[in-house]
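1. Got a sequence here, can you build the structure:
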Amino acid sequence: MPIRAVLWDIDDTLFDYTGADTAGLRAHLEQEGLAERYGAPHQALALWRAHTDRHWARFAAGEVGFQEQRRDRVRDFLGQPELDAAGADAWFGRYVEHYKAAWTVFPDVLPALDALAHSHRHGVLSNSSLANQDPKLRDLGLRERFEVLVCAAELGVSKPDAAAFLAACAALGLAPQEVVYVGDQPEIDARGARDAGLTAVWLDRDGGPEPARGTARAPVRAPVPEGVHRITGLAQLPSLLAGDTRFGARSAIR
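-> I've put the predicted structure just below:
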């Protein structure tokens, strides 16, 4: 089957989530009078991300709701387990305002979407919620680019579970073999998509270009999972898809 559609991850694939999170948290802590409490900005971000990952895992496992995992992130980060829901929501809301002020898409996103606009259909599968991601895509001017937006909070299942990828394919009305998934996480995105039967592309923005043959190889962020295609920027995606031979050698038949 030919590849007819591209399913996209959002955060750190289309949208510079890490950059916005870094800038937003720094500004928020300064405004809250907490800038010195957590050391350097990268230390504060590392702690915030650790709590985010831990509580998101609880949400993904069905242990807590979406809003509650946010509140627990705030309580643990502040070291205030007694903070009530209203207080946690208010603190998170103030953080979000700073975070949103730093929103931006990566510079290679629009050229890639333009190049693929007429050759492939497009959708989004995100491990977040519609309430979170739909406004984000609209504010970034991207929402109309995608036929479907499928999110874990509404599905009740998240990547890398195959059911999440299959639900997004079903929303497009396509078989998994007709869909390629592009995301920045080698395990959650790429391996998960591969195991669900999609063609998987890992966008390894931090890996750098492949070294020339015969030269020393600089280490990449993580090994490439078997059966996964690795790119280091979205400018590489249109030519990768153009071959239409599961990204192997181009067919000799014209």
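2. Look up the closest residue to Ala88, ignoring the ones flanking it.
-> Spatially, and ignoring its direct neighbours in sequence, Ala88 is nearest to Arg71 (3.9 Å; C-beta to C-beta, 6 or more residues apart in numbering). Glycine gets a C-beta too; all of them are placed from N, C-alpha and C.
3. Is that neighbour in a helix, a strand, or coil?
-> helix (DSSP: H, G, I helix; E, B strand; the rest coil).
4. Would you confirm that it contacts Trp91?
-> No: counting by C-beta atoms under 8 Å, Arg71 stays clear of Trp91, with 9.1 Å between them.
5. Can you name the residues that contact the residue nearest to Ala88?
-> Residues counted as contacts of Arg71 (C-beta atoms under 8 Å, 6 or more residues apart in numbering) are 83, 85, 88-89, 92.
6. count of neighbours near Ala190?
-> 29 (other C-beta atoms under 10 Å).
7. Then His55?
-> Neighbours around His55, by other C-beta under 10 Å: 21.
8. Ok, His122 next?
-> For His122, the count of nearby residues is 17 (other C-beta under 10 Å).
9. Distance of it relative to Asp134?
-> Separation of His122 from Asp134 (C-beta to C-beta, to the nearest Å): 15 Å.
10. Ala222 now?
-> Taking C-beta to C-beta, one finds Ala222 at 30 Å from Asp134.
11. Leu83 touches Val74, doesn't it?
-> Yes: Leu83 is in contact with Val74 according to C-beta under 8 Å; the separation is 6.8 Å.
12. what do those two both touch?
-> Trp91.
13. coming back round to it: what sits in contact with each of Arg71 and Trp91?
-> Residues touching both Arg71 and Trp91 (C-beta under 8 Å, 6+ apart): Leu83.
14. Might you report the residue contacts of Asp11?
-> So Asp11 contacts 17, 126, 128, 184 (C-beta under 8 Å, 6+ apart).
15. how about 7 Å then?
-> Tyr17 (C-beta atoms under 7 Å, 6 or more residues apart in numbering).
16. Show me what it is bridged to.
-> For Asp11, the beta-bridge partners under DSSP bridges are Phe15.
17. Can you point out the buried residues in stretch 109-125?
-> By 16 or more other C-beta atoms under 10 Å, the buried positions in stretch 109-125 come out as 109, 112-113, 115-116, 120-125.
18. Over to stretch 134-145?
-> Using 16+ other C-beta under 10 Å as the test for burial, stretch 134-145 gives 134, 136-137, 140, 142, 145.
19. end-to-end on that stretch?
-> From its first residue to its last, stretch 134-145 covers 12 Å (C-alpha to C-alpha, to the nearest Å).
20. How far does that stretch sit from its chain's centre?
-> Taking the mean of its C-alpha atoms, stretch 134-145 sits 15 Å from the chain's own mean (C-alpha atoms, centre = their mean, to the nearest Å).
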